[in-house]
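Asker: Provide a 3D model corresponding to the input given below.
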Amino acid sequence: MSTNGTTPAEGSGLRKLKILMLHGYTQSGPSFNSKTKALTKLLARQFHLSHPVYPGGIQLLYPTAPIPLLPADIPGYTPSSDPSLAPTDAYGWWKRETGGARYAGIEKGLDTIATTIREAGGIDGVIGFSQGACAAYFVASLLEANRESAFALQCVKNPSEAIPYPSSFTVLKQQLHHPPLKFCISYSGFYAPYDGYAAFYTPPLKTRILHVIGSLDTVVEEHRSMALVEASEEGSREVCYHPGGHFVPMGKEFGNVAVGFMVKCLDEKKPVAEESVEDMDLPF
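Answerer: Residues are numbered from 1 along each chain as shown. Down below sits the predicted model:
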């Protein structure tokens, strides 16, 4: 299930700025769409129909994670005598295995994301919240050049735990010749400590990434978010704190920080001599 948020240029055939929006644990594509309406408006205003590079406006992709969650899977849930009060529309990209650091269903979650990207004809960037921010980093990492070699190396070094490069992303790269993303934005993101996921983080992410951290976030503690920051190349990362908890800050001030970061990433030009075929600005 996928929900698209677009500007009125949908169907025009003109090039759009395509952004993948990944919701958090216990959310869904539609619920995340609803929670990010303010950011959507700022983006639509910035990337309007007269934008020279994206004359088709923006297209926001809001897929829903493939793993439905039971009430018992939801942190802090207290059973009620009234079944109608049980939470619904709650999904995850994976579930953490009891007593361990492995993620059950991670392959299924990544397959759903790869399918969304492929059906959209590719994306320019990704934005994620909480578990979705962890997944957003994974996506940016998987779409970098030579990441397959990092996974192959980890499978040799740690054959009992390391996961292989996801086949769904191999197909995605082959079919679309997908270049690395132009940007990634992580809201309340965190590092996955399981050794089997080391290839996502080693070598560090080169893609431009903005880490937005809530100074009062008690769900994802700061040290977990900072571990993700440290897994991004120093010259490619930025960090922004907001004075709140575990949510995507939708005030104009912090919305403009995100939009400004995207504009900066999209406006950057590499010297012609350094630009490879994979780095070219392809018309997805």
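Asker: the helices in this structure, which residues?
Answerer: When secondary structure is read from DSSP state H, the chain shows helices at 29-35, 37-46, 106-120, 131-142, 147-157, 167-176, 198-201, 222-230, 252-267.
Asker: TSV please, covering these and showing distance to G13.
Answerer: (Each C-beta comes from the backbone N, C-alpha and C, glycine too.) Output for the helices of the chain, formatted as TSV (distance: least, CB to CB, whole Å):
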stretch	distance to G13
helix 29-35	24
helix 37-46	19
helix 106-120	15
helix 131-142	26
helix 147-157	32
helix 167-176	18
helix 198-201	35
helix 222-230	38
helix 252-267	21
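Asker: Among these, which comes closest to L69?
Answerer: Nearest to L69, of all the helices of the chain, is helix 131-142, at 11.1 Å by CB to CB.
Asker: per-residue pLDDT, G76?
Answerer: Looking at G76, its pLDDT reads 57.
Asker: what's in contact with stretch 28-35?
Answerer: Residues outside stretch 28-35 that contact it (CB atoms under 8 Å, 6 or more residues apart in numbering) are 1-3, 5, 21-24, 27, 40, 60, 62-65, 89-91, 129, 132, 247-248, 250.
Asker: make it 10 Å
Answerer: Residues outside stretch 28-35 that contact it (CB atoms under 10 Å, 6 or more residues apart in numbering) are 1-5, 21-24, 27, 40, 60-65, 68, 88-91, 116, 127-129, 132, 247-248, 250.
Asker: Show me how to select, in ChimeraX, the buried members of these.
Answerer: Only the buried entries of those go into this ChimeraX selection, using 16 or more other CB atoms under 10 Å:
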select :3,4,5,21,22,23,24,27,40,60,61,62,63,64,65,90,91,116,127,128,129,132,247,248,250
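Asker: Nearest residue to the middle of the chain?
Answerer: By CA atoms, centre = their mean, the chain has its centre lying nearest to A136, at 2.1 Å.
Asker: Return the residues in contact with it.
Answerer: When contacts are counted by CB under 10 Å, 6+ apart, A136 touches 20-22, 113, 125-129, 181, 184-187, 189, 209.
Asker: In contact with the closest residue in space to it that isn't next to it in sequence: list those residues for me.
Answerer: In this structure, A136 finds its nearest non-sequential neighbour in G128, 3.1 Å apart by CB to CB, 6 or more residues apart in numbering. When contacts are counted by CB under 10 Å, 6+ apart, G128 is found next to 20-24, 32, 93, 134-140, 184-189, 248.
Asker: What subset of those residues is buried?
Answerer: Buried among those (16+ other CB under 10 Å): 20-24, 32, 93, 134-140, 184-189, 248.
Asker: ok so, going back, quick one: the residue nearest to A136 from S34, how far?
Answerer: 16 Å (CB to CB, to the nearest Å).
Asker: again, but for A192
Answerer: The spacing between A192 and S34, counted by CB to CB, is 27 Å.
Asker: cool, P55 as well?
Answerer: Counting by CB to CB - P55 and S34 are separated by 28 Å.
Asker: Same question for A104.
Answerer: 28 Å.
Asker: K182 too?
Answerer: 26 Å.
Asker: Give me the more crowded residue out of those two.
Answerer: K182 (20 against 13; other CB atoms under 10 Å).
Asker: who are the neighbours in contact with that one?
Answerer: Contacts here follow CB under 10 Å, 6+ apart; on that basis K182 touches 17, 19, 123-126, 140, 207-208, 262, 265-268, 281.
Asker: Neighbour-wise, give me the winner out of the residues you listed.
Answerer: Most surrounded of those: other CB under 10 Å gives V126, at 30 neighbours.
Asker: isn't that residue right up against A140?
Answerer: Yes. Contact status for V126 versus A140: in contact at 6.2 Å, counting by CB atoms under 10 Å.
Asker: Tell me the bridge partners for A104.
Answerer: Counting by DSSP bridges, A104 is bridged to K95.
Asker: Neighbours of it, how many?
Answerer: A104 has 15 nearby residues by other CB under 10 Å.
Asker: separation between it and D73?
Answerer: Going from A104 to D73 by CB to CB gives 11 Å.
Asker: which residues are in contact with both of these two?
Answerer: What both A104 and D73 touch, as defined by CB under 10 Å, 6+ apart, is the set I67, G92, K95, R96.
Asker: possible to save those residues as JSON lines with distance to Y241?
Answerer: Formatted as JSON lines, those follow (distance: CB to CB, whole Å):
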{"residue": "I67", "distance to Y241": "31"}
{"residue": "G92", "distance to Y241": "26"}
{"residue": "K95", "distance to Y241": "29"}
{"residue": "R96", "distance to Y241": "26"}
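Asker: Nothing else from me, thank you.
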